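In: Sequence below, structure please.
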Amino acid sequence: MKLAIVGQQDFGKAVLEAFLARGDQVAGVFCAPEKPGAKADALKVAAQEKGVQVFQFQSLKSEEAKETMRKLNPEIGIMAFVLQFAPQEFVNIPKHGTIQYHPSLLPLYRGPSSINWPLIRGDKKTGLTIFRPTDGLDEGPVVLQQETPIGPDDTLGTVYFDRLFPMGVKAMLEAADLVISGKHREVAQDESQATYEGWCRKAEARISWANHVDFVYNTIRGCNPAPGAWTTLEGKELQIFDARKLLVRTFGAVKGKIGEVVEATDKSFQVSAQGGRIEVLRAKLGEGKKVAAGELVSSGQIRPGATLGL
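Out: The predicted structure follows:
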């Protein structure tokens, strides 16, 4: 098939390579312009290396962007990790229209941080959706969906890189084949089940140690590796990445005050929360590097008795 890819970064690159690997013709790639000083986009670099035309428009609403898509004359448009708004006049140009990837089970978790929020909320499953883009954000009819479980210790990193990323690449190929062959079904999203959440950024990733340990742990794993759950230690920002949840089962097992470092070893340190403790295994303090928690303990930067979040 002849297609045009709209996307960016590593997921866009992987989708490009998957279509090329099976012999499809990629007529062109639409990639958002890099910010000043930023390194070249991974999708852009891969396309150029493979001799595929690359187009970078400030807006896909521009007449220039639409005219370029018309001249490419693709059978289908493939949207793989797109942060630019793509209007209907653009996505409907390909003969069979355009399909888009979203890493959630739409209509749940519409929005830009759809992998973070299910983990933060403690959901037991998530998945991916290939759908028809409309002018509403993540609101178009569904072409294909696939589920994946969320384990109790999964992180954003394990859910995305181990599952939703490779599953998504394969699903884009499968959905494109269904659409081109006319064998697909388009199912309208159930608006009564829909949710929308905005970005999970620094403000949303701040740890409140007064919360139940379940909520604290879910925040940590839902923000690992990005944006990184964080707290403070003596005025410095402390980001927490790899961690374990330790439940307290009796009053006698409670140690210290909420937010207090109650134990520190050469491998980790433990912080008290409601209902249990968080054992921190990997963290980043201030302007330092992300290191094993034991390094922060051995260097004297983390000590029992310190209180986090003040």
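In: Could you list the residues in contact with stretch 287-297?
Out: Here stretch 287-297 makes contact (C-beta atoms under 8 Å, 6 or more residues apart in numbering) with 239, 241, 264-269, 280-285, 302-303. To be clear about C-beta, it is placed using only N, CA and C from the backbone, and glycine gets the same treatment.
In: Which positions within it qualify as buried?
Out: Neighbour-count burial for stretch 287-297, with 16 or more other C-beta atoms under 10 Å as criterion, is recorded at 292, 293, 294, 295, 296, 297.
In: Return the closest of the contacts of stretch 287-297 with respect to residue 16.
Out: Nearest to residue 16 among these: residue 241, at 30.2 Å, using C-beta to C-beta.
In: give the contact list for the closest one.
Out: 220, 224, 225, 228, 229, 281, 282, 283, 284, 290.
In: Give me the subset of the residues you listed that lies in strands.
Out: 229, 282, 283, 284 (DSSP state E).
In: these two touch, right, the first one and residue 238?
Out: No. Under the criterion of C-beta atoms under 8 Å, residue 229 is not in contact with residue 238, lying 9.7 Å apart.
In: where does the nearest residue to residue 175 once chain neighbours are set aside fall, phi/psi-wise?
Out: Distance criterion C-beta to C-beta, 6 or more residues apart in numbering; nearest residue to residue 175, sequence neighbours excluded, is residue 130 at 4.0 Å. Backbone geometry at residue 130, expressed as degrees, to the nearest 10, gives phi -110, psi 120.
In: tally of neighbours for residue 53?
Out: 14 (other C-beta atoms under 10 Å).
In: Chain neighbours aside, what residue packs nearest to it?
Out: Nearest residue to residue 53 in three dimensions, chain neighbours excluded: residue 28, at 4.3 Å (C-beta to C-beta, 6+ apart).
In: what's the first-to-last distance across stretch 177-190?
Out: One end of stretch 177-190 sits 25 Å from the other (C-alpha to C-alpha, to the nearest Å).
In: wait, I meant stretch 150-170
Out: 20 Å.
In: ok, residues contacting that stretch?
Out: 10-11, 14-15, 18, 80, 101, 103, 115-116, 118-119, 123-128, 146, 148, 221-226, 242, 244.
In: show me what contacts the residue nearest the centre of the chain?
Out: With distances taken as C-alpha atoms, centre = their mean, residue 115 lies nearest the centre of the chain, 4.9 Å away. By C-beta under 8 Å, 6+ apart, residue 115 lies in contact with 103, 104, 126, 156, 159, 160, 164.
In: Columns neighbour count on top of those, output as TSV?
Out: Below are these laid out as TSV (neighbours: other C-beta atoms under 10 Å):
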residue	neighbour count
103	24
104	24
126	24
156	22
159	23
160	21
164	25
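In: Include distance to residue 76 when you put those into CSV, please.
Out: Converted to CSV, the contacts of residue 115 look like this (distance: C-beta to C-beta, whole Å):
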residue, distance to residue 76
103, 21
104, 23
126, 26
156, 30
159, 28
160, 25
164, 22
